[in-house]
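> Got a predicted structure plus its sequence, pasted below:
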Amino acid sequence: MKISFIAPLSLLFAALCVVGTYIPLNFGLPGSLPAVLNPVGWIYLFTWPFIHADTTHLVSNMMLFLLLAPVLEHRYGAFKFLLCILFSSAAIGFAHILTNSATLIGASGIVFMCITMSTFLGGKNRIALHTIIVSCLFAYQELHAAFTTDNNISYLAHLGGGVLGILLGWLLASDSAQATSSEPVAATTSNKGTPAAPAQLDLPDFKSQLSPKARAILDKK
């Protein structure tokens, strides 16, 4: 048995989440625009997903992230997937600053980006039904919680990640499903315009490789 290392970016992201959660670093995103616009504060737009409130928060995010992110990384490549993470992190961060004064932490927005982004893994013209169902259930859960609960969870960040996942998945998806390995065989014609006879394969004469007794039995038939 061999353990493969096929998703280095996804594993690095998860490792940074572990470090950011258990090492007391104040890299959460402040809910204040002046705090982010200073010469150093902009970095918070990209560090807040690595910070989690506790182990439960970390594990719940990493289980989904490590299930979906390696597939997306393998499909689109590490560089494009990294750009998706950075763009989503900055966009969600700005939306949070404009609507919420609390500090934003946790990779939930990035996780929900992965959920909806996976909808387009088969291409724009071939969307799997189960991914649509999962995305709808996610949207219902977040909208219901946003209007019925009173806590410090940023449901806008979750929904924002889902919307960005749809946008990025659509932009990166191919226009059609992946081509199959079979290719049409071109018809050939002879010089007279009539279809040429199919070429005969140059197979070895297996009869000559048989024993004299076996050849005699075949000759009788």
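Sure thing, it's come through. Values in this document were obtained by computation on a predicted structure and should not be read as measured data.
> can you pull the contacts of L29?
Shown in contact with L29 (Cβ atoms under 8 Å, 6 or more residues apart in numbering): 36, 44-45, 47-48, 93, 96-97, 103-105. Every residue, glycine included, has its C-beta placed from N, CA and C.
> tally of neighbours for S89?
Residues lying near S89 (other Cβ atoms under 10 Å) number 25.
> And T131, by the same measure?
Using other Cβ under 10 Å, T131 is surrounded by 18 other residues.
> tell me the pLDDT at it?
At T131, the model reports a pLDDT of 83.
> Low-confidence ranges, this structure, go.
175-221 (pLDDT under 70).
> what about the helices in it?
8-22, 33-37, 44-47, 55-76, 78-99, 108-117, 129-148, 155-172, 212-220 (DSSP state H).
> Would you mind finding the most buried of those helices?
Of all those, helix 108-117 has the most neighbours on average by mean count of other Cβ atoms under 10 Å, namely a mean of 27.
> so what's the residue nearest the centre of the chain closest to, chain neighbours aside?
The residue lying closest to the centre of the chain (Cα atoms, centre = their mean) is L72, at 2.1 Å. Spatially, and ignoring its direct neighbours in sequence, L72 is nearest to F81 (5.5 Å; Cβ to Cβ, 6 or more residues apart in numbering).
> so that neighbour touches L12, yeah?
No - judged on Cβ atoms under 8 Å, F81 makes no contact with L12 at a distance of 11.4 Å.
> Now for the two: what residues contact both?
Joint contacts of F81 and L12 (Cβ under 8 Å, 6+ apart) do not exist.
> Now do the same contact list for the nearest residue to D54 once chain neighbours are set aside.
Excluding the flanking residues, the one nearest D54 by Cβ to Cβ, 6+ apart is T21, at 7.7 Å. Listed by Cβ under 8 Å, 6+ apart, the contact set of T21 reads 50-52, 54-55, 57-58.
> List just the nearest of those residues to A146.
Taking Cβ to Cβ as the measure, A146 lies nearest H57 of the contacts of T21, at 18.0 Å.
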